[in-house]
Every structure is written in C-alpha cells, then in structure tokens.
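Participant: Based on what follows, work out the 3D shape:
(one chain, ligands or ions: 2)
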Amino acid sequence: MAVKITDTCINCGACIDECPVEAIVDDSENPTGEEIYYVIEEKCIECVGHYDEPACAAACPTEGCIVWSDCAEGATCAENRGEPGEPVIE
Ligand code: SF4
Ligand code: SF4
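Facilitator: Ligands and ions are numbered 1, 2, ... in the order given. The predicted model follows:
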C-alpha cells in the first residue's frame, strides 16, 4: 500500500514536494517520533496514475533509503512493485 522511508534518511527534503498526493511529512510531523521524513501509508498510492515509478524515491539522493512496504488488500499498489523491504530504486 505504500513505500516507506528508512532511517538512512538525511532529512534533505527532496522528496516532499514531489509527492502528488501529499503523503509525505517531515521529521517534525513524523508520528513515530523518529527524526526522519515519513510516508503516511493511508495516503500513498505508489504514484500509480501519476508517474512510472515512485517520485519520492526517484528524487531521493540517499541510496536505498525508500523501500517498498506492504500492499494491503484493496489498496492502490504499483504493478511492478518489489517485495516489502526492498529498495524502490536499486
Ligand atoms: S510513492 Fe508516490 S504517492 Fe507514495 S509517498 Fe512516494 S511520491 Fe507520494
Ligand atoms: S529525499 Fe530521501 S533523504 Fe531526503 S528527506 Fe526524502 S527520504 Fe529523506
């Protein structure tokens, strides 16, 4: 159902404005309390209908920082998505 930002995030902010559905919040709004950016799972549509690949991962300068998360039943998920935990962009 979503992609996930991992703890290698350097808080550069490159991803946040790329998201077409405003699913990303910065560290100050991260509900987990971690000092990294965060993807709101319920909002993320894996960029389906907007881009060929997740725009956040394409913009992120940190290798492997954004990974696939679970694809919940009934959620919008990319057809060519990887397994949970795999980097969205290798
Ligand atoms: S995959 Fe697309 S919709 Fe999901 S957080 Fe990244 S930019 Fe937003
Ligand atoms: S682009 Fe990558 S490193 Fe920068 S804030 Fe977003 S997830 Fe973190």
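
Participant: CA only for contacts and neighbour counts going forward, please
Facilitator: Will do.

Participant: where do the helices sit along this structure?
Facilitator: Along the chain, the stretches classed as helices by DSSP state H are 55-59.

Participant: how about the residues of it that lie near ligand 1?
Facilitator: For the chain, the residues in contact with ligand 1 (Cα under 6 Å from any ligand atom) are 2-3, 18-21, 23-24, 39, 44-47, 54-56.

Participant: give me that answer again for 8 Å
Facilitator: For the chain, the contact set with ligand 1 under Cα under 8 Å from any ligand atom comprises 2-4, 15-16, 18-24, 39-41, 43-48, 51, 53-57.

Participant: Could you tell me how far residue 60 is located from residue 42?
Facilitator: 21 Å (Cα to Cα, to the nearest Å).

Participant: The two: which has the busier surroundings?
Facilitator: residue 60 (21 against 12; other Cα atoms under 10 Å).

Participant: quick one, phi/psi of that one?
Facilitator: phi -70, psi 130 (degrees, to the nearest 10).

Participant: show me what contacts it?
Facilitator: 14, 15, 66 (Cα atoms under 8 Å, 6 or more residues apart in numbering).

Participant: Now with 7 Å, please.
Facilitator: By Cα atoms under 7 Å, 6 or more residues apart in numbering, the contact set of residue 60 is 14, 15.

Participant: again, but for residue 55
Facilitator: 18, 19, 47.

Participant: Tabulate those residues in CSV, adding columns for neighbour count and pLDDT.
Facilitator: Shown next, in CSV, are the contacts of residue 55 (neighbours: other Cα atoms under 10 Å; pLDDT from 0 to 100):
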residue, neighbour count, pLDDT
18, 18, 98
19, 21, 98
47, 20, 96
